[in-house]
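Peer 1: Predicted model follows, preceded by the sequence.
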Amino acid sequence: MNSTAHAPAAALSNAAPPLEKRDWIAGLEKGLAMMECFDDANSRMTASQAGARCGLSRTAARRYLLTLQHLGYVGGDGKLFWLTPRVLRLGQSYLESARLPRIVQPFLQRVTAGTQESAYVCVMDGDDIVYVARNGTSRALNIGYVLGARVQAQVTAAGMLLLSMRPLEWQENWLATRELKSYTSYTIASKDRMRVELARVRAQGWAVSEQQLELKHRGIAVPLRDRHGDVVGALSVTMPMGHESSEDAAARVLPVLSETAQAMRNLI
């Protein structure tokens, strides 16, 4: 596996600086890829299965898995391997060390107080958005996204907003190389319709998403910009739809979201 194998995925996240070949550690890349190949459909795998998912031979995959097992990141029974809770240390290290999750928490409390809805900050990573901060009432927190949750960007308000802010050439490349999965009967699965929706979101500067991922739920999002005006994430709320119309929901929460995002701008 080489660096070019990851070019499409890397292009969808924050751009990394160029890396000289002499500085590239292929073993580190393969070890991380080995951990990332586990998911809900592949929670326990043999070395052969894990290797097939990472483009490695059974022998090489087994060596990486045994090393990860020795370090505590992988468990095994001699045949099957699985991730251990130690993997969560990597995500926790980000949440504890990254500046954005620490800065936004008081502002999320302001959003929750002003809207009575769950409030989130998320960032793009590949095809997904990742929730890096959250706040809400006890009731709301029981039904919302957990910290570190990953969701395909196009089925959330925050994700649609962040996709819409990318250059048009990037959007076209993204659409050309992706299949849009349907989660509900309301999910936008047509690429032509997605282009229209992205253009609409970009023009108005905020996004609303209804029943794209889960029935009877709505999300509304605005961009988070740093002091230079660059988009670094999205500030959003989620809510059960109930009897409130899209227009009424937007009129109720958008002023709070917009004012809070503006207040955060000089701190990010």
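Peer 2: That came through, no problem. The structure presented is a predicted model; accordingly, all values stated were derived computationally and were not measured.

Peer 1: what's the nearest residue to residue 223 if we skip its chain neighbours?
Peer 2: Leaving aside its sequence neighbours, residue 223 sits nearest to residue 231 (C-beta to C-beta, 6 or more residues apart in numbering; 4.8 Å). For every residue, glycine as well, the C-beta is placed using N, CA and C.

Peer 1: Any figure for the gap between that neighbour and residue 192?
Peer 2: According to C-beta to C-beta, to the nearest Å, residue 231 and residue 192 sit 25 Å apart.

Peer 1: The two: who's more crowded?
Peer 2: Using other C-beta atoms under 10 Å as the criterion, residue 231 and residue 192 rank with residue 231 on top: 16 against 9.

Peer 1: mind showing which ranges of the stretch 1-150 of the chain have poor pLDDT?
Peer 2: For the stretch 1-150 of the chain, applying pLDDT under 70 flags the ranges 1-16, 137-144.

Peer 1: Quick one: residues contacting the residue nearest to residue 223.
Peer 2: 162, 165, 223, 224, 225 (C-beta atoms under 8 Å, 6 or more residues apart in numbering).

Peer 1: and residue 64, how many neighbours?
Peer 2: Residues near residue 64, counting by other C-beta under 10 Å, number 23.

Peer 1: What are the boundaries of the strands in the stretch 51-200 of the chain?
Peer 2: 74-76, 81-83, 118-125, 128-135, 150-152 (DSSP state E, counting those that start in this stretch).

Peer 1: Which other helices and strands does the fourth one contact?
Peer 2: Spelled out, it's strand 128-135. Counting contacts by 3 or more C-beta pairs under 8 Å, 6 or more residues apart in numbering; DSSP states H and E, strand 128-135 is packed against helix 99-115, strand 118-125, strand 150-152, helix 157-164.

Peer 1: Next, the residues that contact the shortest one from outside, please.
Peer 2: Residues from elsewhere that reach strand 150-152, judged by C-beta under 8 Å, 6+ apart: 125, 127, 128, 129, 130, 131, 145, 159, 181, 213.

Peer 1: got the angle between the longest helix along the chain and strand 118-125?
Peer 2: Of all segments of type helix in the chain, defined using DSSP state H, the longest is helix 246-264. Inter-element angle recorded for helix 246-264 and strand 118-125: 70 degrees (by axes from the mean of the first three to the mean of the last three C-alpha atoms, to 10 degrees).

Peer 1: Counting neighbours, which bits of helix 246-264 end up buried?
Peer 2: 249, 250, 252, 253, 254, 256, 257, 260, 261, 264 (16 or more other C-beta atoms under 10 Å).

Peer 1: May I have the residues that are in contact with the third one?
Peer 2: The reference is to residue 252. 115, 244.

Peer 1: Recalculate using a threshold of 7 Å.
Peer 2: Shown in contact with residue 252 (C-beta atoms under 7 Å, 6 or more residues apart in numbering): residue 115.

Peer 1: separation between it and residue 245?
Peer 2: According to C-beta to C-beta, residue 252 and residue 245 sit 10 Å apart.

Peer 1: how about residue 208, phi and psi?
Peer 2: Phi and psi for residue 208, reported as degrees, to the nearest 10, are phi -130, psi 140.

Peer 1: Pretty sure residue 220 is one of the things it touches, is it not?
Peer 2: Yes - look at residue 208 against residue 220 with C-beta atoms under 7 Å: they come within range, at 5.0 Å.

Peer 1: More neighbours: which of the two?
Peer 2: Neighbour count, other C-beta under 10 Å: between residue 208 and residue 220, residue 220 has more, with 26 against 20.

Peer 1: Next one: the more buried one from residue 81, what distance?
Peer 2: From residue 220 to residue 81 the distance is 41 Å (C-beta to C-beta).

Peer 1: Ok, residue 263 next?
Peer 2: Relative to residue 81, residue 263 is positioned 47 Å away (C-beta to C-beta).

Peer 1: One more: residue 240?
Peer 2: As judged by C-beta to C-beta, residue 240 and residue 81 stand 40 Å apart.

Peer 1: These two: who's more crowded?
Peer 2: Taking other C-beta under 10 Å, residue 240 and residue 81 do not tie; residue 81 has more neighbours (24 against 12).
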